[in-house]
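Colleague: Requesting a structural model of the entry that follows:
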Amino acid sequence: MAYTSTDDKFSAPPYTAQPAVGPAPYTQQPGFPLSNFPNTTAVVMTPPTVVVEPRPTSWLVLSIFSCLFCIWPLGLVAIVFSVMVDSSYDSGDYENAKRYSNIAKWLSILSIICGIILIVILVVYFVVVATTVVSVASSSSSYY
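Modeller: So this is what the prediction gives:
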């Protein structure tokens, strides 16, 4: 039965699609061989190698210790350099991070050594002053 416009106004024509005519899929097409690609170039991309250096020691605890218990100006400068170690490393400036780490370490050590020297000098000074005061006091008490 053929579809005519006089049939029911609201019905659609019957579906009469036929399969497409053409070559079967995955067959060899003329001019495009499926194997043996003699004139092709394979590009192999490798990810770039990123060398991440280990984080240098910031010496922050040693710097704080040297600031609180030894010569505080040197300890304060050591704290500043200790903080600069982490900020330089995080920004990718590995050479300056190593340099700042070395500076912070030596400033902390210098502060501790100067603090020890100052303590020794003060102890010797107070011992000398105390012995002088005692000797003067004992010599002057004999006059009474």
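Colleague: okay, CA-based contacts and neighbour counts for the rest of this
Modeller: Fine.
Colleague: who does the host helix or strand of A137 touch, helix- and strand-wise?
Modeller: Using DSSP states H and E, A137 sits in helix 94-141. If contacts are counted by 3 or more Cα pairs under 8 Å, 6 or more residues apart in numbering; DSSP states H and E, helix 94-141 sits against helix 60-69, helix 72-90.
Colleague: Mind putting those into TSV with distance to K105?
Modeller: Formatted as TSV, the helices and strands packed on helix 94-141 follow (distance: least, Cα to Cα, whole Å):
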stretch	distance to K105
helix 60-69	8
helix 72-90	7
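Colleague: for those helices, which one sits closest to V127?
Modeller: helix 60-69 (21.8 Å; Cα to Cα).
Colleague: buried set for that closest one?
Modeller: By neighbour count on 16 or more other Cα atoms under 10 Å, the buried set for helix 60-69 is L60, L62, S63, I64, F65, S66, C67.
Colleague: Now for the residue nearest to L107 when sequence neighbours are not counted, how many residues are close by?
Modeller: Excluding the flanking residues, the one nearest L107 by Cα to Cα, 6 or more residues apart in numbering is A78, at 5.4 Å. For A78, the count of nearby residues is 32 (other Cα atoms under 10 Å).
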